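In: here is a sequence together with a model predicted from it:
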Amino acid sequence: MDLTTNSMLLTWTVFTPAIGLTAILALLALRPLLRLSQQAVDEASRAIGLMASLAAAALGIALWADFDSGTSNLQFIHRFVWMKSWNIEFFIGVDGLSLSMVVLTGVVFLAGAIASLPWWGRLDDHHPHFSKKRVPAYWILFLLLEMGVLGTFASQDFFLFYVFWEVMLLPMYFLIGIWGAPTRKDPDGRTRGGPYAAIKFFLYTLAGSVLMLLALIAVYYASGPATLADGSQAQHTFNLVHLTRQAHDGIFVKAGAILGIPFVHIVFVAMFLGFAIKVPMFPFHTWLPDAHVDAPTPISVILAGILLKTGMYGMFRFNLQIFPTGVVWAAWAIGILGVINIVYGAFVCMAQKDLKKLIAYSSVSHMGFCLLGLAALTPQALTGSVYQMISHGIVSPMLFLLAGVVYDRAHTRDIEGFGGLAQKMPEYTALTGFAFMASLGLPGLAGFVGEVLVFLGAFAAQDGIFRVLVAISALSVIVTAGYYLWTMQRIFLGPFNHRWEHLHDMNWRERLTLYPLAVLTVIMGVWPLPVFDMIRETLNTLLASMPAGIAG
Amino acid sequence: MLTNLLAIGPELVLTLTVVLVLIADLVIGDRPARRGSLAVLSFAGLAAAAATFFLLPDGGPAAFGGLVSGDGLGVFFRGLFLVAAFFGVAFGALSDEIPVERFGEYAAMLLATTLGMSFLVQSQNLLMILLSLELVSLPSYVLAGFRRGDSRSSEAALKYVLYGAAASGLMLYGFSLLYGMAGTLDLSAIGPALNAKAAGGSVGIRAGIALAALLSLAGFGYKVAAVPFHQWCPDVYEGAPTPVTAFLSVGPKAAGVAALIRFVVIGFGASVATPPAGGLPWPVLLGVLAMATMTLGNLAAIPQDNVKRLLAYSSIAHAGYLLMGIAVGTPDAVQAVAVYLPIYLLMNLGAFLAVMAVRAKTGSETIADYRGLVARSPALSIALAIFLFSLTGLPPLAGFIGKFYLFAAVVKAGTPFFYVLAIVGVLNSVVSLFYYARLVKAMFLEASPDGAPAVLVPVPVGLLLAILAIPTLVLGLWWSPLADLAARAAGIVG
């Protein structure tokens, strides 16, 4: 495979948000000179942020348009030696899997950007809205986060990946902490709120990523010689393409055991834990509901839409690509934990009173399908897993946007406190119904395709246990339907609660985010081929490298 | 003779500077610009000392009959100490905790400490190590008790003296045992001599060597504030004036680390790659010490409400990380320590400078008074956040690179013990995030209390903050020059 620089388009995509945030920084620096008012700076920051997200989304789609789906080779490669002493390269490029995530990132961040604006719709002035608080700082962090996510998906060098992976942490911490809900006491007297949720998110993810750091170092020292971008020979490498090739030649299987555990197993587990916390996989999921409940709407959108996918993506890119034997070794455990995610998440949803918390747990449940698909290791199951990542990346932002719509108006998300809203907000009711249906996997909508492929693929897996797992998780779909329908009933049906007389229906900002996502949901439900085309070759190559007798 | 003198050129210039500062202080008297002119004189002395590095004899031969070594390790750290002294003097000149009439005294004591540190890192002889260590300690005691009227400051100084005296005593006893058994004071000859003794010796001899080595460790452990010799640290850091604390947390600590490397790695020849030196399992011994130090430092930092005390425990934790590198003892690990320390100097000095700036306006060092600081002083808050997250070791900040080098060396060691050490080390970084983020949370996520004063940063303080913050950002993305220098310090041709 030719790994020389052949395009700058991906580089531009990844660093477009950086251009935007530099522009905002320049604006802040020039503010005294140009005698700009606070309001002018705020509006300009918003405009720059929106433009940058729009540009990144457009560039992502341009990448897709230019993408050759007939090969699993990396495309849009940009590569040079970054740190000679550690053989670290700046090496970015996409295959089908990366590209699908890059495109999704553009879409989700664009939706998040629009939802972060106070424009095109009335805001209740009695309650301070996050979109009017420390505006330039918000957009700087928002764009930094987007750059971190895009870089994570584009990196083909393990060290570079790690740096981008960690770059996601800081902006997320501040975005939840500063613009999220203020600190409060919950009924049990425990401190909750944005700052609590932010540090919980930070500590959980950092705990996972430091283990990944040790795995990264261990992999580096176990790796063999490779040729760097400048043609020089290196003794060890972080280059993922070289690492994958060396892995297939058995270099890691032969590497010495660590703490008495085979190298592949312990490194596999260390990396898997780092990614599993982000997915989030049971029992590491507890940060997610807290983060969602107290994050502002657009940050919930981004968190559910794309940040959780970085964890699944990492499992595909590292655990599956470099340690295929490790996945086979751990398939049972991953499959069972995936099913726990599905079933446990669904049952916990039944008990929720906070709309956002319900959606958060439904994310836990839906990400379980991705885990189950990965563990089953059949072509359909892997395709279903990736498809589920993308469809959840479209549907869950809708759900959080919808939760934001009602919260912006009512300043509460207590499901029990509503009732009969369908009379007052028919458009909102229709859209919520649509999103709930998409999320519970109604045929014809996006969620169905991924789930059914995972079920079919896992049922066909060689190991019989997956049939049991499929049976259990298929039954849980009933629970999913149950909690969504019951929620519909409690919020929208029944006698109208006159407390909500003042609520008004959707505004144009909300329509601008929700309708395009709804259209995508329908397209992905009835015409999944474009996505299949994009990821097919990449997944085939991943499966082809499986130890004999596993694939198929 | 001239070669000998040139080999300690920087130290001669420093000695001269100490004397000149003391005389100038008397001559200038109460004239205006007393502080400024003394600071400029100190800076000039430090610059002149730095210039004499170009006159150092080539190839780094040992001077004065092997008393001092001229190797790369010494040169690297002597350079680093000049930088630390520069910031120490500058902090003192900008702080209202150092009264103008006593600034000359402050600068002289600080430069004398630097002189001691400078000799310590190149000492090749047990007696020389002891003398330089005392030269570091005595002026530090004075600095710690600089606020004479303040009972906390006096208590800090007294604690410092008592612990210091006990540690020096233990060390001296250890050294005398070593001398008795090895028959030499020369560090380069002690290791082989003890190895020979231990190889054919009885259990009694081996126990004697172990006792001597452990007693000697006490002195170094005290200087780097390693468990169990750390108890002085929080009280001294809290009680001493902030510029002094800042200097003590980087200067003498770095000197102790470098001296320990010389004693253990070069003297005893201990590393994971070699058989136990003098019959002692140094890597495991130091590794256990490292684990205890970082774990205690990080856990004890969590409940602290005083920022200086919090940073004191954080500096204990960082001593633990550094001990990991010394425990491994390979050239890679020494390089990692040499990469870590300059970065640590930048971020720790930066954090203390920010604390000093806040204290100057609010008169407070408690975390509660940092609430909402970002609204009152955005640039200062952002700078402090950068230093704190760098101390945590988050990419893309410089602190991550330091930790990456250290953990890479530990993982490369490749024994089960060091894998466990690496895991304990990274989990400690997660714990440390919790208390660093407490301060960040107060500054960014909480509202200012009513009537909290705005914190305007004076221009020179702002400049210094930028000088410290910019490399903290840049070194996280581009660290080749530092890595090359550190490789030379570790004796790796890089």
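Out: Everything's here; your move. Numbering: from 1, shown residues only, chains lettered A, B, ... in the order given.
In: which parts of the stretch 151-300 of chain B are helices?
Out: B:151-182, B:187-200, B:203-224, B:232-239, B:242-260, B:282-301 (DSSP state H, counting those that start in this stretch).
In: tell me what the fifth one is packed against?
Out: In terms of contacts (3 or more CB pairs under 8 Å, 6 or more residues apart in numbering or on different chains; DSSP states H and E), helix B:242-260 is packed against helix B:72-94, helix B:103-122, helix B:126-144, helix B:203-224, helix B:232-239, helix B:307-328, helix B:331-362. Placement of C-beta: from N, CA and C, glycine included.
In: quick one, the first one and helix B:331-362 angle?
Out: Calculated by axes from the mean of the first three to the mean of the last three CA atoms, to 10 degrees, helix B:72-94 forms an angle of 0 degrees with helix B:331-362.
In: now for helix B:72-94, which elements pack on it?
Out: When contacts are defined as 3+ CB pairs under 8 Å, 6+ apart, helix B:72-94 packs onto helix B:34-51, helix B:103-122, helix B:242-260, helix B:331-362, helix B:459-474, helix B:480-489.
In: ok now the second one, how far from the chain's centre?
Out: Read that as helix B:103-122. A distance of 13 Å separates the centroid of the chain from that of helix B:103-122, by CA atoms, centre = their mean, to the nearest Å.
In: repeat that for the last one.
Out: In terms of CA atoms, centre = their mean, the centre of helix B:480-489 is set 18 Å apart from its chain centre.
In: out of the helices of the stretch 151-300 of chain B, which is the most enclosed?
Out: Highest mean neighbour count among the helices of the stretch 151-300 of chain B (mean count of other CB atoms under 10 Å in any protein chain shown): helix B:242-260, with a mean of 27.
In: pull the CA atoms of it into CSV?
Out: Extracted in CSV, the C-alpha atoms of helix B:242-260 (Å, rounded to 0.1, in the frame of the first residue of the first chain):
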residue,chain,number,x,y,z
THR,B,242,5.6,32.0,48.1
PRO,B,243,8.8,32.8,46.1
VAL,B,244,10.8,30.7,48.5
THR,B,245,8.3,27.8,48.3
ALA,B,246,8.4,28.0,44.5
PHE,B,247,12.2,27.9,44.5
LEU,B,248,12.4,25.1,47.1
SER,B,249,9.9,23.0,45.2
VAL,B,250,12.0,22.9,42.0
GLY,B,251,15.6,23.8,42.9
PRO,B,252,16.7,21.7,45.9
LYS,B,253,14.3,18.9,44.8
ALA,B,254,15.9,18.7,41.4
ALA,B,255,19.4,18.7,43.0
GLY,B,256,18.3,15.9,45.3
VAL,B,257,17.1,13.9,42.4
ALA,B,258,20.3,14.4,40.4
ALA,B,259,22.4,13.6,43.4
LEU,B,260,20.4,10.5,44.0
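In: give me the mean pLDDT for stretch A:242-254.
Out: Regarding stretch A:242-254, the rounded mean pLDDT is 90.
In: list the contacts of it.
Out: Here stretch A:242-254 makes contact (CB atoms under 8 Å, 6 or more residues apart in numbering or on different chains) with A:158, A:219, A:222-224, A:226-227, A:237, A:262-264, A:267, A:321-325, A:545.
In: among those residues, which ones are in strands?
Out: Cross-referencing the contacts of stretch A:242-254 against strands under DSSP state E gives A:226-227.
In: generate a PyMOL selection restricted to the buried subset of the contacts of stretch A:242-254.
Out: Remark: buried members of the contacts of stretch A:242-254, expressed as a PyMOL selection using 16 or more other CB atoms under 10 Å in any protein chain shown:
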select buried, chain A and resi 158+219+222+223+226+237+262+263+264+267+321+322+323+324+325+545
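In: among the contacts of stretch A:242-254, which are located in helices?
Out: Members of the contacts of stretch A:242-254 lying in helices (criterion: DSSP state H): A:158, A:219, A:222, A:263-264, A:267, A:321-322, A:324-325.
In: ok, for residue 486, nearest residue in space, not its chain neighbours?
Out: Defaulting to chain A. Nearest non-adjacent residue to A:W486, counting by CB to CB, 6 or more residues apart in numbering or on different chains: A:M350, 7.5 Å away.
In: sorry, I should have been clearer: chain B.
Out: B:A338 (3.6 Å).
In: near chain A, which residues of chain B?
Out: B:389, B:394-396, B:400, B:404, B:407-408, B:411-412, B:414, B:416, B:419-420, B:422-423, B:426-427, B:429-430, B:433-434, B:437, B:441, B:444-446, B:478-480, B:483-484, B:487, B:494 (CB under 8 Å from any CB of the partner chain).
In: filter those to the buried ones?
Out: Using 16+ other CB under 10 Å, the buried members of these are B:389, B:394-396, B:400, B:404, B:407-408, B:411-412, B:419, B:422-423, B:426-427, B:429-430, B:433-434, B:437, B:441, B:444-446, B:479, B:483, B:487.
In: longest strand in chain A, by residue count?
Out: Assigned via DSSP E, chain A shows its longest strand as strand A:75-83.
In: in it, what counts as buried?
Out: For strand A:75-83, by 16+ other CB under 10 Å, it's A:75-79, A:81-83.
In: per-residue pLDDT of the closest residue to chain A within the stretch 201-350 of chain B, please?
Out: Per CB to the nearest CB, B:Q335 is where the stretch 201-350 of chain B lies closest to chain A, at 9.7 Å. Looking at B:Q335, its pLDDT stands at 95.
In: what of the one 10 residues further on?
Out: At B:L345, the predicted lDDT confidence score is 97.
In: ok, it - contacts?
Out: Residues near B:L345 by CB under 8 Å, 6+ apart: B:80, B:83-84, B:87, B:250, B:254.
In: same check on B:G88?
Out: Neighbours of B:G88 in contact, by CB under 8 Å, 6+ apart: B:110, B:114, B:243, B:246-247, B:251.
In: and it, how far is that from B:S137?
Out: 16 Å (CB to CB, to the nearest Å).
In: now name the helix or strand holding whichever residue of chain B sits closest to chain A.
Out: When scored by CB to the nearest CB, chain B has B:V426 as its residue closest to chain A, at 3.7 Å. Using DSSP states H and E, B:V426 sits within helix B:416-444.
In: pretty sure A:T13 sits against A:I61.
Out: No - if you go by CB atoms under 8 Å, A:T13 and A:I61 don't touch, sitting 9.9 Å apart.
In: and the next helix or strand past the longest strand of chain A?
Out: Counting by DSSP H and E, what follows strand A:75-83 is strand A:88-94.
In: need the CA coordinates for that next one. CSV is fine.
Out: The C-alpha coordinates for strand A:88-94 follow below in CSV (Å, rounded to 0.1, in the frame of the first residue of the first chain):
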residue,chain,number,x,y,z
ILE,A,88,6.2,9.3,15.8
GLU,A,89,4.6,10.4,12.5
PHE,A,90,1.9,12.9,11.7
PHE,A,91,-0.1,10.4,9.7
ILE,A,92,-3.7,10.8,8.8
GLY,A,93,-5.8,9.1,6.3
VAL,A,94,-9.2,7.4,6.0
